[in-house]
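> here are the coordinates; sequence isn't available:
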């Protein structure tokens, strides 16, 4: 009762394998090494078998969970909305296609596919349709095969392109202009290291004078150097700003904050002259 049929490894070992793979992102070899370190003798091949057994258990347990979530979603919203997207981890590798329900965010199916044709994607969608929940909407990016797969199976269901992809595409010219502005602003601030050297030199000179003559003017010099260092640090932090395109463009953020730093510096200089 503590292990799967025809297996000498308990459910606790399978649960550990699942944690190592999905939570800690270990490779099969690393999983085997971790099990051996815990006194569970195994090989890389057996670790792969344990991983596949864990996936079988996970798949069975997810069926009940998915049905419960979809039933609750249908009751609250009158149906479910399907969304599909493909992710290619690295060039040359198979694309992972993920089908999820939008209202709840629940992943309904995921599979690596070599080509991702409409015919292949249909095999991913059909099992979800057979669950019997009303499908009230579809969302995807502009990939033609995904669109054809959904339109073949669900021609009368409202279809919408993903707003994130749409916004990302239409904002691309603005994002490119923002990056260009960032580069131009960074060029205009290249002399910051020379300013830092002058501040360091001023601090050394002030420190040497302070050892021989403690005066208010020398204390003021040290204070001015400290203030200047604060402004330089603010500018350096500014140059690291990446923003959050397309809604927060780094070029505009740097420009606005540089204007604020400049205004603050002008106020300091005005007080000094006064």
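That came through, no problem. This one's a predicted model, so the numbers in the text were calculated from it and none came from an experiment.

> Give the residue spans of this protein that score low on pLDDT.
Scanning the chain with the threshold set as pLDDT under 70 gives 1, 3-4, 6, 59-62, 89-93, 208-223, 274.

> Can you identify each of the helices in this protein by residue range?
Counting by DSSP state H, the segments of the chain that form helices are 11-18, 28-37, 44-77, 118-129, 144-153, 163-170, 172-188, 192-212, 216-239, 250-273.

> The longest one packs against which elements?
This points to helix 44-77. On a contact count with 3 or more CB pairs under 8 Å, 6 or more residues apart in numbering; DSSP states H and E, helix 44-77 meets helix 11-18, helix 28-37, strand 80-87, strand 95-101. C-beta here means a position set from N, CA and C on the backbone, and glycine is covered the same way.

> Contacts for the first one next, please.
By CB atoms under 8 Å, 6 or more residues apart in numbering, the residues outside helix 11-18 that reach it are 2-4, 31, 35, 38, 40, 47, 50-51, 53-54, 57-58.

> May I see the ChimeraX selection of the buried members of those?
Only the buried entries of the contacts of helix 11-18 go into this ChimeraX selection, using 16 or more other CB atoms under 10 Å:
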select :31,35,40,47,50,51,53,54
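
> Of the contacts of helix 11-18, which is the nearest to residue 123?
residue 58 (20.2 Å; CB to CB).

> Show me which residues of stretch 233-244 are buried.
Neighbour-count burial for stretch 233-244 [16+ other CB under 10 Å]: 235, 238, 241, 243.

> ditto for stretch 168-175
Applying 16+ other CB under 10 Å to stretch 168-175 flags residue 175 as buried.

> one step back: how about a markdown table for the helices and strands packed on helix 44-77, with distance to residue 230 added?
Shown next, in a markdown table, are the helices and strands packed on helix 44-77 (distance: least, CB to CB, whole Å):
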| stretch | distance to residue 230 |
| --- | --- |
| helix 11-18 | 51 |
| helix 28-37 | 47 |
| strand 80-87 | 44 |
| strand 95-101 | 48 |
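
> The spatially closest residue to residue 231 that is not a sequence neighbour and residue 106, how far apart?
Leaving out its chain neighbours, the residue that sits closest to residue 231 by CB to CB, 6 or more residues apart in numbering is residue 265, at 5.9 Å. Between residue 265 and residue 106 the computed distance is 53 Å (CB to CB, to the nearest Å).

> now do residue 252
As for residue 252, its distance to residue 106 is 37 Å (criterion: CB to CB).

> which residues touch the spatially most central residue of the chain?
With distances taken as CA atoms, centre = their mean, residue 244 lies nearest the centre of the chain, 11.5 Å away. Residues near residue 244 by CB under 8 Å, 6+ apart: none.

> Over to the one 5 residues further on?
By CB under 8 Å, 6+ apart, residue 249 lies in contact with 174-175, 178, 181, 243.

> Now it. Its backbone dihedrals?
Backbone geometry at residue 249, expressed as degrees, to the nearest 10, gives phi -80, psi 130.

> Would you confirm that residue 250 contacts residue 242?
Yes: in terms of CB atoms under 8 Å, residue 250 counts as a neighbour of residue 242; the distance is 5.3 Å.

> coming back round to it: next, count neighbours for the residue nearest to residue 231.
Other residues near residue 265 come to 15 when the count uses other CB atoms under 10 Å.

> So it versus residue 124, what's the distance?
Going from residue 265 to residue 124 by CB to CB gives 59 Å.

> Contact partners for the nearest residue to residue 245 once chain neighbours are set aside?
The shortest distance from residue 245 to any non-neighbouring residue, by CB to CB, 6+ apart, is to residue 175 (4.5 Å). If you count contacts by CB under 8 Å, 6+ apart, residue 175 has them with 245-246, 249.

> Export the helices of the chain to a markdown table and append columns for distance to residue 102.
Output for these, formatted as a markdown table (distance: least, CB to CB, whole Å):
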| stretch | distance to residue 102 |
| --- | --- |
| helix 11-18 | 27 |
| helix 28-37 | 33 |
| helix 44-77 | 9 |
| helix 118-129 | 13 |
| helix 144-153 | 13 |
| helix 163-170 | 11 |
| helix 172-188 | 25 |
| helix 192-212 | 47 |
| helix 216-239 | 38 |
| helix 250-273 | 30 |
